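Peer 1: quick one: sequence plus predicted model below, questions after.
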Amino acid sequence: MSAFPQVDSTGCRDGVLQEQGQRQVFCGLTSIVWLHRKMRDAFFLVVGSRTCAHLLQSAAGVMIFAEPRFATAILGERDLAGLADCNEELDRIVHELLERRPEIRTLFLVGSCPSEVIKLDLDKAAERLTEAHEGRVRVLPYSGSGLETAFTQGEDQFLTSLTERLPEQTDEALSLIVLGTLADVVEDQFRRLFDELGIGPVAFLPPRSGEQLPPVGPGTRVLMAQPFTGDAARALIRRGAEWVAAPYPLGVSGTLEWLKAAARAFGVNEQRVEEVTAAPVARAQAALERQRSVLAGRRITFLPDSQLELPLARFLAQECGMELVEVATPYYDREFHGAEREALGEEVRLVEGQDVERQLERLRADRPDLTVCGLGLANPLEAEGLRTKWSIELVFSPIQGFEQAGDLAELFARPLVRHDTLRV
Ligand code: SF4
């Protein structure tokens, strides 16, 4: 007997259509683009090929004047053929890098498809390099390989690696870890709300500096801010922390329920949450009202890309009145996405994974008003007369919390308004 729901004759598991075919997604290296901005004393060294270097350069749009905090140690043909000692070469590159950039306090060695194919052991390399540069820099490994991942899973792997290095909490006093990268402005707003509610101490993971790693233990409560942090959440739970079940803080109701869940975990009553949030809720509702007139009744499809699809769909359907045609996600985490799925109801067509040709066939038959998809598919779909929204923009933009609810709705309204204006 299996503990997991089986795929039935219609290709569904647990009511979610399963697809396994060709995929059109970026790899986990992409997450370096937002992670290096978040953790300002960290450096990301990708151990990969010229393709990896090219992806990073173009995804990050590096300016020639900027001194970026990421780079690629390129594996050459001799490395890939097993003719050179990659470890020696890597040690030399790291040594040179640290000499040139004394401000680096945490160095991430990021694995890629090529480094995984040649089985370069980055865990061991990180241990060796931490020892060699003890007291100067901490070296941590994680994988950004695109072999089996969506681009946001790069952050999950990064956080999991960080989680394993968090100090042990020495007492059982309650503390909160908010898991998943948030824009600084959003983090500051949430911190103010937690303070007003008397919830604390609160740490955001990843922190802005590698020196600010919070302790973890049985007193730690984990509140997930991003739906793509499942492995990191499980790693925290293994270290004794307790998960706080909540929807994700998108839109008014998502944010309110998220805060209420944290409040319950800290023994703060619901009435206090209503009082503290009354003003920001009213502001958010007014901002949403303006976008609702554009979005209500419009049909939307999500292609699988970021793992933000379920909470975004819930927000757009419940708070903006949009009609969900299909909601596809690269990976449906039954444990951490279940509440969002429930909120969508049974009628919505849910898909896990991708078979891009079949998905495009359905899309062409459905012809929704708006399609949320990856960069690679957006232009061809626009050429077919379909309006699109890049899903990666939703990862880069500050969209969580009350103050951002109107902006979030506007991100979806904008392509529709542009289209309507051009048509007139
Ligand atoms: S990690 Fe893999 S998928 Fe990503 S750029 Fe490098 S080779 Fe391509």
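Peer 2: That came through, no problem.

Peer 1: can we go C-alpha only for contacts and neighbour counts from here?
Peer 2: OK.

Peer 1: near the ligand, which residues of the stretch 1-150 of the chain are found?
Peer 2: Where the stretch 1-150 of the chain comes near the ligand, counting by Cα under 6 Å from any ligand atom, the residues are C27, L29, T51, C52, L55, S112, C113, G144, S145, G146.

Peer 1: now do 8 Å
Peer 2: Neighbours of the ligand within the stretch 1-150 of the chain, by Cα under 8 Å from any ligand atom: 26-30, 48-56, 111-114, 144-147.

Peer 1: in helices, which of the residues you listed appear?
Peer 2: Among those, the members found in helices (DSSP state H) are R50, T51, C52, A53, H54, L55, L56, C113, P114.

Peer 1: now do the strands in the stretch 51-200 of the chain.
Peer 2: 70-74, 106-111, 138-143, 175-179 (DSSP state E, counting those that start in this stretch).

Peer 1: out of those, nearest to F194?
Peer 2: Taking Cα to Cα, strand 175-179 is the member of the strands of the stretch 51-200 of the chain nearest to F194, at 9.9 Å.

Peer 1: which residues in the stretch 1-150 of the chain form helices?
Peer 2: Remark: helices assigned in the stretch 1-150 of the chain by DSSP state H, counting those that start in this stretch are 32-38, 50-60, 77-80, 86-100, 113-117, 122-132.

Peer 1: show residues contacting the second one.
Peer 2: Same thing as helix 50-60. L29, T30, V33, V46, A71, T72, I74, L75, S112 (Cα atoms under 8 Å, 6 or more residues apart in numbering).

Peer 1: ok, the fourth one next?
Peer 2: Applying Cα under 8 Å, 6+ apart, the contact partners of helix 86-100 are A73, L75, D79, I104, L120, A125, L129.

Peer 1: same deal with stretch 256-268?
Peer 2: 174, 197-199, 221, 223, 244-249, 269-270, 273, 277.

Peer 1: so what does the longest helix anywhere in the chain touch, helix or strand wise?
Peer 2: Of all segments of type helix in the chain, defined using DSSP H, the longest is helix 270-295. Here helix 270-295 touches helix 184-197, helix 251-265, helix 405-423, going by 3 or more Cα pairs under 8 Å, 6 or more residues apart in numbering; DSSP states H and E.

Peer 1: buried ones in the longest one?
Peer 2: Applying a neighbour-count criterion of 16 or more other Cα atoms under 10 Å, one finds A405, G406, D407, L408, A409, E410, L411, F412, A413, P415, L416 buried in helix 405-423.

Peer 1: over to the second one?
Peer 2: Along helix 251-265, these residues count as buried under the neighbour rule (16+ other Cα under 10 Å): 251-263, 265.

Peer 1: Serialize the residues you listed to JSON lines and add fields for pLDDT and distance to the ligand.
Peer 2: JSON lines is the format used below for the buried residues of helix 251-265 (pLDDT from 0 to 100; distance: Cα to the nearest ligand atom, whole Å):
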{"residue": "G251", "pLDDT": "98", "distance to the ligand": "32"}
{"residue": "V252", "pLDDT": "98", "distance to the ligand": "36"}
{"residue": "S253", "pLDDT": "97", "distance to the ligand": "36"}
{"residue": "G254", "pLDDT": "98", "distance to the ligand": "33"}
{"residue": "T255", "pLDDT": "98", "distance to the ligand": "33"}
{"residue": "L256", "pLDDT": "98", "distance to the ligand": "37"}
{"residue": "E257", "pLDDT": "98", "distance to the ligand": "36"}
{"residue": "W258", "pLDDT": "98", "distance to the ligand": "33"}
{"residue": "L259", "pLDDT": "98", "distance to the ligand": "36"}
{"residue": "K260", "pLDDT": "98", "distance to the ligand": "39"}
{"residue": "A261", "pLDDT": "98", "distance to the ligand": "37"}
{"residue": "A262", "pLDDT": "98", "distance to the ligand": "36"}
{"residue": "A263", "pLDDT": "98", "distance to the ligand": "40"}
{"residue": "A265", "pLDDT": "98", "distance to the ligand": "39"}
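
Peer 1: quick one: which of the residues you listed is nearest to Q20?
Peer 2: So of the buried residues of helix 251-265, ranked by how close each gets to Q20 (Cα to Cα), first place is G254, at 30.5 Å.

Peer 1: contacts only, for the closest one.
Peer 2: With contact set as Cα under 8 Å, 6+ apart, G254 has these partners: P247, Y248, F315.

Peer 1: so which residues of the stretch 201-350 of the chain form helices?
Peer 2: Using DSSP H, counting those that start in this stretch, helices in the stretch 201-350 of the chain cover 230-238, 251-265, 270-295, 309-318, 338-344.

Peer 1: show me the shaky parts of the stretch 101-250 of the chain.
Peer 2: 148 (pLDDT under 70).

Peer 1: one step back: ok, which of the helices of the stretch 201-350 of the chain comes nearest E361?
Peer 2: helix 309-318 (19.7 Å).

Peer 1: what angle sits between the closest one and helix 251-265?
Peer 2: 120 degrees (axes from the mean of the first three to the mean of the last three Cα atoms, to 10 degrees).
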